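Quick one: sequence plus predicted model below, questions after.
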Amino acid sequence: MDRKKILLVDDSSTVLLMERMILSKHAYEVVTAKDGAEGVEKAISERPDLILMDVVMPRMDGFEACRKLRQQEDTREIPVIMVTTRGELASVESGYASGCNDYVTKPINGLELLAKVRSCLGQ
Amino acid sequence: MTAPTAILPERPNPAAPDLAGRAQVYLHAGQLATAATRTAITTVLGSCVAVCLHDPSSGVGGMNHFLLPHPVGRERSARFGNVAVPELLDAVVRAGAARASLVAKVFGGASVIGAFRGSRNLGGENVELALRLLEEARVPVLDQDVGGSRGRKLIFVVDEGTAWVRHL
């Protein structure tokens, strides 16, 4: 099976570490970015199979990053899972409006994250 | 049973229901809620599924919002459909619904790409499980808006048994 590449975009090193730990155990290749702007750059240069996108980040938030990804030919089709803070209904709706495909809420549950990742990757 | 379709026709999208005078509950993934008074429950679904139950005779009903069909590991909670559906059935009866009068509506189960590839599809598995458990429980499903590739915002007016869905 191809080793799928996942781009993690979050300004929290703790969240990045947690997501990396969950995904790396399951043979996914992981690359990271610390804000939306870097996330868009990495999406273009790394061509990941899937992106996990935080919402609130410096320089460029997750909504704007997702919109930019959807505007570009090279990144338009990459599935994006938005990582929202629990309780933010408006955030979830805005995430979909910006082009995300699904969402998970913090605190991240490993089983839930893996199930959604696999589903988005068609595994 | 018919598999969830990959591409849905646009569902009529009337104005959101007037929620004035109703208690409002936001349901997170893995939760369920019941109500015996004028209440609207709102949630947002991607690959998750929500089952809405309503007893027309009493106006009592409720909703769940589950993420996965079956438990993975030892955790047993309403995050999983095979726990969340029976728990919702028990909960609405405890809240005053007549078991024999219950009717259901089912929403969600979107899939980003799985539905198109014919490969494993979490949303489809969630929908299949919900419909199967409701059939086994002999609860008729009056409406469903499931599958496809888009998320949904769902508002269930519990006392009326009406559901409003907007594709996101």
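Yep, that arrived.

Quickly find the element holding A:Ile81.
strand A:80-85 (DSSP states H and E).

and that strand, what other elements does it pack with?
strand A:50-54, helix A:62-71, helix A:89-98, strand A:102-106, helix A:110-120 (3 or more C-beta pairs under 8 Å, 6 or more residues apart in numbering or on different chains; DSSP states H and E). Every C-beta, even on glycine, is put in place using the N, C-alpha and C of the backbone.

so it versus helix A:89-98, what angle?
Interaxial angle, strand A:80-85 versus helix A:89-98 (axes from the mean of the first three to the mean of the last three C-alpha atoms, to 10 degrees): 170 degrees.

And for residue 30, the neighbour number?
No chain specified, so I'll use chain A. 18 (other C-beta atoms under 10 Å in any protein chain shown).

wrong chain, I was asking about chain B
20.

That one: what's its closest spatial neighbour, skipping adjacent residues?
B:Arg79 (3.9 Å; C-beta to C-beta, 6 or more residues apart in numbering or on different chains).

Test my guess that that neighbour contacts B:Leu68.
Yes. Using C-beta atoms under 8 Å as the test, B:Arg79 is close enough to B:Leu68 to be in contact (6.5 Å).

who has more neighbours, those two?
Legend: neighbour count by other C-beta under 10 Å for B:Arg79 and B:Leu68, higher for B:Leu68 (29 against 22).

Next up, the contacts around the more buried one.
B:Leu68 makes contacts with A:Leu111, A:Glu112, A:Ala115, B:Arg79, B:Phe80, B:Gly81, B:Leu122, B:Asn126, as judged by C-beta atoms under 8 Å, 6 or more residues apart in numbering or on different chains.

for chain B, what spans make up the strands?
B:23-26, B:32-35, B:39-45, B:49-54, B:61-64, B:103-108, B:141-146, B:152-157, B:162-167 (DSSP state E).

From A:Glu19, how far out is A:Gly110?
9 Å (C-beta to C-beta, to the nearest Å).

more neighbours, these two?
Shown here are A:Gly110 and A:Glu19; by other C-beta under 10 Å, A:Glu19 has more neighbours (25 against 16).
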